[in-house]
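Colleague: need a structure here:
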Amino acid sequence: ASFSSTDISIIRSAIEAKVKDLRQVAAEDNSMAPGIRKAFGDAAAALEALSASLESNGSALARQAGAGTAGSPMKKGGIDFRTMNIITKPMGSFEGLNLKLPLLSKKELSNINVDVELGQIKNMVASGIIPSGERIKDLVAACSQKGELQARTDDLVVCIAEICRLQEEDVTESSAALRETLVILDSRQVALAKL
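Modeller: The predicted model follows:
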């Protein structure tokens with residue numbers, strides 16, 4: 001077993017106290033038989049030798065610890081990742097997203113009833129069904145083109161948050177269309193794509 005220098009100093013202190021007690025008992029107790037007195041003296045001498053041995057080992061430990069911090073190379077272990085080519089990117093990167101809403105034709109726009117569509121999407125989410133990101137993006141585009149986006153932004157953001165909660169529970173990644181829609185709504189900057 002290896003001991004730290006603190007352990008060694010504690011052990012040495014205990015040994016020195018016992019040596020002192022043994023020598024004091026041997027010197028003061030005259031009724032003690034000479035053989036026992038000699039045994040006490042031998043025990044004290046053995047403890048002193050052990051203490052000296054601990055002292056030399058403690059000095060060696062101190063030298064070893066000092067050498068390790070003085071700049072000498074220490075043995076290294078484990079896996080060296082310094083040569084590995086690691087590319088770091090922020091999590092949830094929005095790189096490469098198309099932040100423009102689709103421009104719906106007049107026919108497509110007339111076919112979308114925003115109240116009904118939003119209600120259907122909310123019902124899907126309440127049932128645990130994740131609607132497609134394209135469907136959400138088309139709904140936001142319809143709201144924008146009909147001039148209703150300002151009034152419906154909060155409802156749409158809450159709906160997207162619920163979709164993200166479902167995706168988190170299912171441990172699935174959000175589609176690019178859903179992330180694009182969330183950024184568009186969050187920034188409140190709507191740009192329509194050109195046909």
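Colleague: number of nearby residues for residue 8?
Modeller: Look at residue 8: counted by other Cβ atoms under 10 Å, it has 19 neighbours. In short, each C-beta sits where N, CA and C put it, glycine included.
Colleague: ditto for residue 124
Modeller: When neighbours are defined as other Cβ under 10 Å, residue 124 has 17 of them.
Colleague: surely it forms part of a helix?
Modeller: Yes - under DSSP: H, G, I helix; E, B strand; the rest coil, residue 124 falls within a helix.
Colleague: gap between it and residue 79?
Modeller: Counting by Cβ to Cβ, to the nearest Å, the gap from residue 124 to residue 79 is 47 Å.
Colleague: and if you look at residue 185?
Modeller: 44 Å.
Colleague: which one's more surrounded, those two?
Modeller: Each of residue 185 and residue 79 has its neighbours counted (other Cβ under 10 Å); residue 185 has more, 21 against 6.
Colleague: name the element that one belongs to?
Modeller: Assessed by DSSP states H and E, residue 185 sits inside helix 176-187.
Colleague: list the buried ones in that helix?
Modeller: 177-182, 184-185 (16 or more other Cβ atoms under 10 Å).
Colleague: identify the farthest-apart pair in those residues.
Modeller: 177 and 185 (12.6 Å; Cβ to Cβ).
Colleague: pLDDT below threshold where in this structure?
Modeller: 1-5, 29-33, 35, 37, 40, 51, 54-76, 89-95, 188-195 (pLDDT under 70).
Colleague: change it to 90
Modeller: 1-102, 149-150, 173-176, 179-180, 182-195 (pLDDT under 90).
Colleague: if anything else comes up later, I'll come back, but that's it for now.
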